[in-house]
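S.K.: any chance you can model this:
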Amino acid sequence: MQNPRRNPRVFSLVSIPPSAWLLAFFLVPLALVWAMSFGEKDGLIDIAYTWTLDNYRRAVDPLYLGVFAKSFWFAGITTLICLLIGFAVAMSISFGPSRWRVPLLILVMLPFWTNLLIRTYALIAVFRSRGVVNGGLEQLWEWGTGLLTLVGLGHLELLGPHFEPLELLYNNFAVVAGLVYVHLPFMVLPLYASLERMDHSYIEASLDLGASHYRTIFSVMIPLAMPGIVTGVIITFVPALGSFLTPDLLGGTNSQMIANVIERQFKSANDWPFGAALSFVLMYVTFFAIALRAVWNSRARRRQGLG
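M.R.: Down below sits the predicted model:
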């Protein structure tokens, strides 16, 4: 009996439905938006496909380049923070007691089971002026003021005449904190997978030869975990770069990212061609990051083959 996997007719029949779905609901709409990026507004709702590059020239205007730069900065600092926290979390899960691994992994993946909008509003409840953080700080202020009063120093008002809540919302801090909160699991999971596949005999040999724990981490573990680090960086940086909801709800007027500018072009400005051009500039950056990942994988496999 012929193996169905080697039967081209069976393969063709099986591949038709997903190929048709991909063509109809991904490639065709993407091609339409790409063609739209070379068009111009024609009245209020019409688009003239003139195949001009004016929209891409507008995209490199210093105003929009500044928004791109800020988006890259937000995504970069978010990725760095997620990497530092995620590596520690992944190490704790991988090298911790085996009975705790599944519960800890469930806790890492738990945010995926909750709607992003709900999680963002929960973060607003934490950061607002009368939220959890400022409420705790106010309680500490009251205790400190009471203690100073007991020792006879209350009249000096060393902690201030009244509590001033921290401005934790609608600024750059809130955007970065929200992006880290949303994207941290994307960093932890590939790092954990890489650490879990690691040959622990290298770590034991490093420690037996007298290396400190810090040197073992930087000289042995990080190089061996580099595939997971690169994967985590890409799948954290790319979504963070295109984030819309987090800066829209947590950021102020000076904390908007490029996705918010794209949204305004499609809605309030009604300039779909320019919005499409900005979208594809962002997509080109994404493709470039994926290409770098592929090149890195190719070179890594080549080095392993030579070794």
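S.K.: doesn't Val180 make contact with Ala174?
M.R.: No: using C-beta atoms under 8 Å, Ala174 is not in contact with Val180, being 10.9 Å away. No exception for glycine: its C-beta is placed from N, CA and C like everyone else's.
S.K.: who touches both of those two?
M.R.: Residues touching both Ala174 and Val180 (C-beta atoms under 8 Å, 6 or more residues apart in numbering): there are none.
S.K.: and the strands in the chain?
M.R.: With strands called from DSSP state E, the chain shows them at 40-42, 46-48.
S.K.: give the buried residues for the last one.
M.R.: If I follow you right, that is strand 46-48. Ile47 (16 or more other C-beta atoms under 10 Å).
S.K.: kindly report the same for the first one.
M.R.: With burial defined by 16+ other C-beta under 10 Å, the residues of strand 40-42 counted as buried are Glu40.
S.K.: for the record, mean pLDDT for it?
M.R.: Average pLDDT, strand 40-42: 86.
S.K.: i'd like the first residue to be 24 from this point on
M.R.: Taking 24 as the first residue, the last one we looked at is strand 63-65.
S.K.: please identify the pairing partners of it and their relative orientation?
M.R.: Its sheet considered, strand 63-65 pairs with strand 69-71 (antiparallel) by DSSP bridges.
S.K.: quick check: closest non-adjacent residue to Asn194.
M.R.: Excluding its sequence neighbours, the residue lying closest to Asn194 (C-beta to C-beta, 6 or more residues apart in numbering) is Gly275, at 5.5 Å.
S.K.: that neighbour against Phe196, yeah?
M.R.: No: counting by C-beta under 8 Å, Gly275 does not reach Phe196; the two are 10.4 Å apart.
S.K.: so where's this structure uncertain?
M.R.: 24-31, 33-34, 327-330 (pLDDT under 70).
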